[in-house]
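Visitor: curious how this folds, go ahead:
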Amino acid sequence: MKTVSIIIPVKEVNDYIRESLPYINKLDYDLKKVEVIVLPDKADKITGKFKFKLRIIPTGHIFPGEKRDIGIKASKGEITAFIDDDVYPEKQWLKKAVEIFENDKNTGAVGGPAATPPNDSFLKQVSGLIYSSFMGGGGYRYRYMAGPRRFVDDYPSCNLIIRRDVLEKIGGFNTEFWPGEDTVICLKIVKDLKLRIVYDPEVFVYHHRRDFLWGHINQVVNYAAHRGYFVKRFPETSLRPGYFVPTFFDIYLFSFIYPDFFNAKLINIWFLPMALYLILISLDGIKTKSFKLGLMTMLGIFVTHVFYGAYFVKGLFSGKLKEEDN
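Guide: The predicted structure follows:
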């Protein structure tokens, strides 16, 4: 059984990390072979009895990717598992990931679903349902719910497990991008090392969401701006039609100005795509089996598309987003 280092970057020790550690303590794995490295800005303590070795390394106020690199240098495991502080794993999470590495030497990294916890608040549930819906998550909703096993080339670092020797070859994260540091490291794995990243539904964690509306939107616009910039910076995994769809949707919405003010007869034709859109987001709302939750999810999908589309363009035309490749 391989030794494992679980690395968790945080701003400060909080209730989420206190929730996560007991779940790690219940993993179906030999916890004597597991170390957990927590990286807060300032020195802090975490009380409790754990079967694994717990290390707390203060880092100062730096980006998550830089914190993870400090954790990598301090770690001793053959496998390095990255999760966020607001994530907690299911029992088979680590065991399944290690099995994948042992069965396929061409696998450089493993990821899995990061689902919304069932006990999250109503507003957090709305955010989670947006991401996992057909219209909200699209072809990437498998990141937020269990989907078929597959190979991927870009995966979130909230649930990303990488072989130690792979990290040594690519030099860790080595970037100040945030968000987007996961895109950088995944591209190094699949492009530079020609290794696979495996998504498996059993490598399962729960991930607390941001509150809808403003917490969710703030996250969306950060993702959108970086993805737009990454179209130029990392086109191998970001220059894809799906990322442009919300922007085309925004253009379509603005196009209503023309038929309304210059040719009212065209309004019925112009409205057909919108009618189809409303039907599709309504189906996502109906799947929640709750009128209130369904209505909020429908509204949330629409708002998410509008904001993502706008900030994707902002990123696309940005001269440079903050980064520092060491």
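
Visitor: tell me which element Phe244 is part of?
Guide: helix 241-254 (DSSP states H and E).

Visitor: pull that helix out as PDB, backbone CA atoms only.
Guide: What follows is helix 241-254, C-alpha atoms only, in PDB (Å, rounded to 0.1, in the frame of the first residue of the first chain):
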ATOM      1  CA  PRO A 241     -16.500  25.700 -28.500                       C
ATOM      2  CA  GLY A 242     -18.400  25.000 -25.300                       C
ATOM      3  CA  TYR A 243     -16.600  27.800 -23.400                       C
ATOM      4  CA  PHE A 244     -17.800  30.300 -26.000                       C
ATOM      5  CA  VAL A 245     -21.500  29.400 -25.800                       C
ATOM      6  CA  PRO A 246     -22.500  31.700 -23.000                       C
ATOM      7  CA  THR A 247     -20.900  34.600 -24.900                       C
ATOM      8  CA  PHE A 248     -22.900  33.800 -28.000                       C
ATOM      9  CA  PHE A 249     -26.000  33.600 -25.700                       C
ATOM     10  CA  ASP A 250     -25.300  37.200 -24.500                       C
ATOM     11  CA  ILE A 251     -24.900  38.400 -28.100                       C
ATOM     12  CA  TYR A 252     -28.200  36.700 -28.900                       C
ATOM     13  CA  LEU A 253     -29.900  38.500 -26.000                       C
ATOM     14  CA  PHE A 254     -28.600  41.800 -27.200                       C
END
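
Visitor: tell me the buried residues in that helix?
Guide: By neighbour count with 16 or more other Cβ atoms under 10 Å, helix 241-254 contains the buried residues 243-244, 246-247, 249-250. C-beta here means a position set from N, CA and C on the backbone, and glycine is covered the same way.

Visitor: can you name the residues in contact with it?
Guide: Applying Cβ atoms under 8 Å, 6 or more residues apart in numbering, the contact partners of helix 241-254 are 138-140, 224, 227-228, 231, 273-274, 277, 304-306, 308-310, 312-313.

Visitor: helices - which of the residues you listed land there?
Guide: With helices taken from DSSP state H, the overlap with these comprises 224, 227-228, 231, 273-274, 277, 304-306, 308-310, 312-313.

Visitor: OK, contacts around the spatially closest residue to Tyr144 that is not a sequence neighbour?
Guide: With Cβ to Cβ, 6 or more residues apart in numbering as the measure, Ser132 is the residue that lies nearest to Tyr144, at 4.0 Å, once sequence neighbours are left out. Ser132 is in contact with 115-116, 141, 144-145, counting by Cβ under 8 Å, 6+ apart.
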